[in-house]
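Novice: what's the 3D shape of this:
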Amino acid sequence: MPLKAHYDLMVLLDPEADEDVRAGVLERVKSQIESGDASLRGDSDWGMRRLAYEIDHRTEAQYHLFQFEAAPDVLNELRRSLSIDDTVLRFRTIRLPGEAPEVTPPAPPHVAPEPRRRDDRGRREGSDRGRDTSERQAPQQTEEEPAPEADAEMARAEEAAAEPGGEPAAG
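Specialist: Next comes the predicted model:
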């Protein structure tokens, strides 16, 4: 007998599908879990939620979380049936490190994403991707302060001129 593990299954359903069709998909998932070598620990309808990015030109989906204990063959059957159903936009099965919690987690609160603002150059804030955006200016040298290379050259010329028999520095 294969070892059973605990899993979370998140299913995202098409909001444009008929309510009866979405309910039918959820019932099929429940019956697949309960008919195989598995046991349903809990399920929670998280309702319509905004997607982080569009999926098939849809900006929201109905989220549903299932928590169950199952053998690998049940997972394969679930994966196959969910992948061919057009009502299912996405699904994700995650193996839990221990047992499923006693109570299925409720939906997290709806949090509206902050609108992205653009700075005056048209780039989004925070889109510098690790580049230093501070204004850099080359150090300006004045005529009173010669470059370090010039200082060393002048010092060598002065030493040569100070030595007896040395030639005076040119220019």
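Novice: Residue 76 sits in which helix or strand?
Specialist: Using DSSP states H and E, the element containing residue 76 is helix 72-84.
Novice: Give me the mean pLDDT for that helix.
Specialist: Averaged across helix 72-84, pLDDT comes to 89.
Novice: What's the first helix or strand after that helix?
Specialist: According to DSSP H and E, the helix or strand after helix 72-84 is strand 88-95.
Novice: got the CA positions of the helix holding residue 76 in PDB?
Specialist: The C-alpha coordinates for helix 72-84 follow below in PDB (Å, rounded to 0.1, in the frame of the first residue of the first chain):
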ATOM      1  CA  PRO A  72       0.000   9.200  -5.500                       C
ATOM      2  CA  ASP A  73      -2.500   7.500  -7.900                       C
ATOM      3  CA  VAL A  74      -5.300   9.800  -6.600                       C
ATOM      4  CA  LEU A  75      -3.100  12.800  -7.400                       C
ATOM      5  CA  ASN A  76      -2.500  11.700 -10.900                       C
ATOM      6  CA  GLU A  77      -6.200  11.200 -11.500                       C
ATOM      7  CA  LEU A  78      -7.000  14.600 -10.100                       C
ATOM      8  CA  ARG A  79      -4.300  16.300 -12.200                       C
ATOM      9  CA  ARG A  80      -5.600  14.600 -15.300                       C
ATOM     10  CA  SER A  81      -9.300  15.600 -14.800                       C
ATOM     11  CA  LEU A  82      -8.500  19.200 -13.800                       C
ATOM     12  CA  SER A  83      -6.100  19.800 -16.700                       C
ATOM     13  CA  ILE A  84      -8.700  18.800 -19.300                       C
END
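Novice: Name the residues that touch that helix?
Specialist: With contact meaning C-beta atoms under 8 Å, 6 or more residues apart in numbering, helix 72-84 is reached by 2, 7, 9, 11, 28-29, 32-33, 36-38, 88, 91, 93. C-beta coordinates here come from the backbone N, C-alpha and C atoms, glycine included.
Novice: tilt between it and strand 88-95?
Specialist: 160 degrees (axes from the mean of the first three to the mean of the last three C-alpha atoms, to 10 degrees).
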